[in-house]
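Enquirer: Sequence first, then the predicted structure:
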Amino acid sequence: MFDLLPEWMKNGIGDDLLFWLGYFTNGKHLAWYASVQFTLTAAIVGAAFALLFGLIGATLKNSAFAPARLIGSGYTNIVRGVPDVLFFLFFPLAFEQLAELVLAQAVCTPLELASASGRWPPCADANWYLDTFQYLMLACVSLGIVYGAFTANVIHGAMRSVPHGQLEAARAFGMSPAQVAWRIHIRQMWVYALPGLSNCWLLLIKSTSLLSLLQIADIVLWAERLGAPNFTRSAGLVHPDWRWYYYLVLLIFYILLTFASEKVFAALTRRASRGMAVASAD
Amino acid sequence: MEIFVPIVTDLEFLAKPSLFNLYFAFASIPAGFVLAVFMALGKASSNKLISTLSRGYIYAFRGSPFFIQLFMFYSMALAFNMSLWKPLGIDWLMLHPLFLGPAILVLNTTAYTAEIFYGALMTVPKGEVEAARAFGMSRVQQFRSVVWPHLIRIAWPAYTNEVVFLFHATALVYFTLPVIDDQKDLMNKAGELFERDYNAFLHFSVAALYFLVISFAIFFVFGLVYRRLMRHLPQVQKIRFLPRWLG
């Protein structure tokens, strides 16, 4: 990659540094850097799903209809009582199986369906091979389900922090319940929810390190591949076990991501609480 | 009653693996607790160097995923095997998952617990500490009779949460560390059962049930301890189940 540089520049950089620059920009390393996209996509799309599920969960928990309340609190309590990795593995598997079950009814012959006890999928045609993008989307949804439960609690609490006077004033203006909810309640809720949402986001970005469990070639998998002892018959031992250096880089990457997120959320909170009499404003 | 048969069989299959999760959690709780007290005191220390080091440690371990920490320390243990553990004759210990797993969990939980204890330490009323000083108590006496009782009562509900999340984190240990013979934990065993008959709904739900039940048992036991800690008060607030916040 650096062969094209002019001679004077190569001399300035020096052979040693040039070698390492070349090593860290070889094809595999570039693939490693590119795989950050999976982590960031999972974080952002997962957060969008989490917000969606959080809003649904909070609505259910706020509902006047008792069974809806039960579903809402059941969702938040069960998901939080179980490790995130379990849901992370279970949801894509379960979704794939359900899809294959539906597919099997359509493409398999009745004979195959009847004779397939303990075999999955019932016939070869019903096998659904997921590609990386599909796995990534399933991972995003399962992150959304897990952190949606946390988000639901945050939003539920924030909804109750909106001062009653604001809602009463809106009703006094003659707004319908839907208008009060949408124009006043949900809009004012964000300020109170931001600190909690920031925490949810920080938990979520840390969970994106689990992507490699779903066969996605993310930064963790590439770090493992690049750092593993490299032995070739012609060159001998190219390098010994370097894995922990690569994991250290990932550790620092996540710490920086956390640091940046904290800064962004602090700025958001300052902006959202302009002119509002909340404790976080000062 | 026919439909309960596979569930009961799974409950039996997963009983022993659940002990490994419990072992990982309870082997790391005592050391994590003690280290966290020192780490919290270090963060609050007036010594700039100690304070910065503790602060950095806590931030680094809370700001990065446990999954990566596991990978990093395991590959570190492997990398130092020939140069360090073998000459010292402790390679059988350093590479054993039943030692390495709790050791890495301790590093992680120390940071989270220290942050909880540090937060509680900040709420100790200044007047009480000054009163203790006025009595002529030494630093150790001040800590034992004034700071610690206040700190542990304030921190206990959050610490309960941390223990539950530590228990949940044990699900990740065997994704990284090698499984020796049949020393499988809940996730391993559920995965193995799944590969046998592809019944994801049954096996993962029963594993989830184990996690849920043990989590609630931890809440119950820690709630009893909390009641005991707060016995001087007329009524005790219940411990609420909250996620492992960073902030």
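Expert: Noted; the coordinates are in hand.
Enquirer: From the centroid of chain B, which residue is nearest?
Expert: Centroid-nearest residue in chain B: residue B:166, 3.6 Å away (criterion: Cα atoms, centre = their mean).
Enquirer: got a pLDDT number for the residue nearest to it when sequence neighbours are not counted?
Expert: Of all residues not flanking residue B:166 in the chain, residue B:109 sits nearest, at 5.0 Å (Cβ to Cβ, 6 or more residues apart in numbering or on different chains). Glycine gets a C-beta too; all of them are placed from N, C-alpha and C. Residue B:109 is assigned 95 on the pLDDT scale.
Enquirer: Return the set of buried residues in the one helix or strand residue B:109 maps to.
Expert: Per DSSP states H and E, residue B:109 falls inside helix B:97-121. By neighbour count on 16 or more other Cβ atoms under 10 Å in any protein chain shown, the buried set for helix B:97-121 is B:97-98, B:100-118, B:120-121.
Enquirer: swap in stretch B:79-97?
Expert: B:79-80, B:85, B:91, B:94-97.
Enquirer: Double-check the residue nearest to the centre of chain B against residue B:25; I have them as touching.
Expert: Yes - using Cβ atoms under 8 Å, residue B:166 is in contact with residue B:25, at 5.5 Å.
Enquirer: Return every residue with contacts to both of the two.
Expert: residue B:105 (Cβ atoms under 8 Å, 6 or more residues apart in numbering or on different chains).
Enquirer: check contacts around residue B:210.
Expert: Per Cβ under 8 Å, 6+ apart, neighbours of residue B:210: B:14, B:18, B:21, B:186.
Enquirer: residues contacting the last one?
Expert: The one in question is residue B:186. Neighbours of residue B:186 in contact, by Cβ under 8 Å, 6+ apart: B:14, B:17-18, B:20-21, B:171, B:207, B:210-211.
Enquirer: neighbour-wise, which of those leads?
Expert: Among the contacts of residue B:186, residue B:207 has the most neighbours (other Cβ atoms under 10 Å in any protein chain shown), with 31 neighbours.
Enquirer: neighbours around the closest residue to it other than its chain neighbours, how many?
Expert: The shortest distance from residue B:207 to any non-neighbouring residue, by Cβ to Cβ, 6+ apart, is to residue B:190 (4.0 Å). Residues contacting residue B:190 under the criterion other Cβ under 10 Å number 28.
Enquirer: Going by neighbour count, which residues in the helix or strand hosting residue B:190 are buried?
Expert: Applying DSSP H and E as the criterion places residue B:190 in helix B:186-197. For helix B:186-197, burial by neighbour count (16+ other Cβ under 10 Å) applies to B:186-191, B:193-194.
Enquirer: can you put the residues you listed in TSV and add pLDDT?
Expert: Output for those, formatted as TSV (pLDDT from 0 to 100):
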residue	pLDDT
B:186	91
B:187	90
B:188	90
B:189	90
B:190	90
B:191	88
B:193	89
B:194	87
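Enquirer: got the contact list for residue A:261?
Expert: A:198, A:201-202, A:205.
Enquirer: now do residue B:115
Expert: B:40, B:58, B:62.
Enquirer: ok, those residues vs chain A, which is closest?
Expert: residue B:62 (8.1 Å; Cβ to the nearest Cβ).
Enquirer: Need the nearest residue in space to the closest one, chain neighbours excluded.
Expert: residue B:111 (5.2 Å).
Enquirer: before we move on, what about residue B:23?
Expert: residue B:98 (7.2 Å).
Enquirer: For chain B, which segments count as helices?
Expert: B:4-13, B:15-43, B:48-63, B:66-79, B:86-88, B:91-94, B:97-121, B:126-134, B:139-142, B:148-176, B:186-197, B:200-229 (DSSP state H).
Enquirer: Show me the one of these that comes nearest residue A:271.
Expert: Each of those was scored for nearness to residue A:271 using Cβ to Cβ, and the closest is helix B:48-63 (23.6 Å).
Enquirer: What residues sit buried inside the closest one?
Expert: Under 16+ other Cβ under 10 Å, the buried positions of helix B:48-63 are B:50, B:54-55, B:57-63.
Enquirer: just checking, residue A:193 touches residue A:155?
Expert: Yes - between residue A:193 and residue A:155 a contact is recorded at 5.5 Å, counting by Cβ under 8 Å.
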